[in-house]
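Asker: just need the structure, nothing else, for what follows:
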Amino acid sequence: LAEAGRNPTGFVGGRVKGWGGNLRFGSDDLFVVEADEYDRSFHALQPDVAVVTNLEADHLDVYGDLAGVRSAYRTFVRSVPERG
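Answerer: Down below sits the predicted model:
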């Protein structure tokens, strides 16, 4: 987004070299977050737009198997407005 001339605020789980940490304060009304699916906490988010970059058999202690992971993502994606 920054490369496209936008100035979003962003928060991610790890350090971003260009940010000097994991948080970037911007002046736009956009907020970008890297949401972790552990314990289904991403279901509490209410995004206008969502981009799922990958889905894998992770956190099987929570989801049981890959089908459980897919189900959790399906629930999340269905919560995003149709235009998002």
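Asker: please make it C-alpha for all contacts and neighbour counts, starting now.
Answerer: OK.
Asker: for this structure, just list every one of the helices.
Answerer: 60-63, 66-78 (DSSP state H).
Asker: where exactly do the strands run in this structure?
Answerer: In the chain, the strands defined using DSSP state E lie at 9-16, 21-24, 31-33.
Asker: residues contacting stretch 19-33, please?
Answerer: With contact meaning Cα atoms under 8 Å, 6 or more residues apart in numbering, stretch 19-33 is reached by 6, 7, 8, 9, 10, 11, 12, 13, 14, 15, 16.
Asker: thinking again about what came up before, and among the helices of the chain, the most buried is which?
Answerer: helix 66-78 (a mean of 15; mean count of other Cα atoms under 10 Å).
Asker: packing partners for that one?
Answerer: helix 60-63 (3 or more Cα pairs under 8 Å, 6 or more residues apart in numbering; DSSP states H and E).
Asker: can you name every helix or strand that the helix it packs on contacts?
Answerer: helix 66-78.
Asker: make CSV out of the contacts of stretch 19-33 and add pLDDT.
Answerer: As requested, these are exported to CSV (pLDDT from 0 to 100):
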residue, pLDDT
6, 96
7, 95
8, 95
9, 96
10, 95
11, 94
12, 92
13, 88
14, 90
15, 94
16, 92
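Asker: other residues contacting stretch 39-52?
Answerer: Counting by Cα under 8 Å, 6+ apart, residues outside stretch 39-52 touching it are 35, 36, 62, 72, 75, 76, 77, 79, 80, 81, 83, 84.
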